[in-house]
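Novice: Only the shape, not the letters, is given here:
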């Protein structure tokens, strides 16, 4: 009986050692990319052209508006900033506390299957934003005949987030419920594909 207990004890210890060893050597599971849409994110700004007021901060890992330092991108009227670089290009600008970066790519949303090389990404600077301001310079165009703002076709934002993930973003509307009017502006609707695997540039 004593001999049997010794054998059983040895088998249990061997099983535990094998299990621990397997757990330590197993590679982390690869997570699937996430496709999401955000509707009517309100990003009000006071003034015209040069805006003032607080920014609406957004985190792609959280998938929602945030108030802390864990933001990746922030909106204020037509202005879009990222959480990387330096403040100073805008009125009432805010600190960039992480190392997010951005590049504006030309192409359809589906055709951009991975993030480009890191050398293409830009951060905000004191004299210029990574995503330039003004009609035709960045994400939008302005129609003076009806005073409306429209997302520039074929423009996709590719972002390296504040914590090293990659995401592509396409803005589809600047108006609440996608209905342009003078009283419904500064509401962003956009879709994005986010890769939850840190450092992985694939959007598939």
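Specialist: Structure's in. What do you need? The structure presented is a predicted model; accordingly, all values stated were derived computationally and were not measured.
Novice: And the residue nearest to the spatial centre of the chain, how close does it get to residue 49?
Specialist: The centroid of the chain falls nearest to residue 60 when counting by Cα atoms, centre = their mean (4.5 Å). Counting by Cβ to Cβ, to the nearest Å, the gap from residue 60 to residue 49 is 28 Å. For the C-beta atoms, the positions are set from N, CA and C on the backbone; glycine is no exception.
Novice: what's near enough to touch the residue nearest to the centre of the chain?
Specialist: When contacts are counted by Cβ atoms under 8 Å, 6 or more residues apart in numbering, residue 60 touches 72, 73, 159, 161, 165, 167, 192, 194.
Novice: How about residue 136?
Specialist: Residues near residue 136 by Cβ under 8 Å, 6+ apart: residue 152.
Novice: ok, it to residue 186 distance?
Specialist: 20 Å.
Novice: ditto for residue 100
Specialist: From residue 100 across to residue 186, the span is 22 Å (Cβ to Cβ).
Novice: The two: who's more crowded?
Specialist: residue 100 (26 against 19; other Cβ atoms under 10 Å).
Novice: The closest residue to that one other than its chain neighbours bridge partners, please.
Specialist: The shortest distance from residue 100 to any non-neighbouring residue, by Cβ to Cβ, 6 or more residues apart in numbering, is to residue 84 (3.8 Å). With DSSP bridges as the criterion, residue 84 is bridged to residue 99.
Novice: Surely residue 84 touches residue 95?
Specialist: No: between residue 84 and residue 95 there is no contact under Cβ atoms under 8 Å: 11.0 Å.
Novice: Looking at the two, which is more packed in?
Specialist: residue 84 (22 against 9).
Novice: wait, what's in contact with that one?
Specialist: 96, 98, 99, 100, 101, 123, 124, 130, 160, 162.
Novice: quick check, nearest of these to residue 202?
Specialist: Looking at those and their distance to residue 202, the nearest is residue 160, at 13.6 Å (Cβ to Cβ).
Novice: number of nearby residues for the closest one?
Specialist: Count around residue 160 with other Cβ under 10 Å applied: 23.
Novice: Identify the nearest residue to it in space, disregarding sequence-adjacent positions?
Specialist: Using Cβ to Cβ, 6+ apart, the closest residue to residue 160 is residue 101 (4.6 Å).
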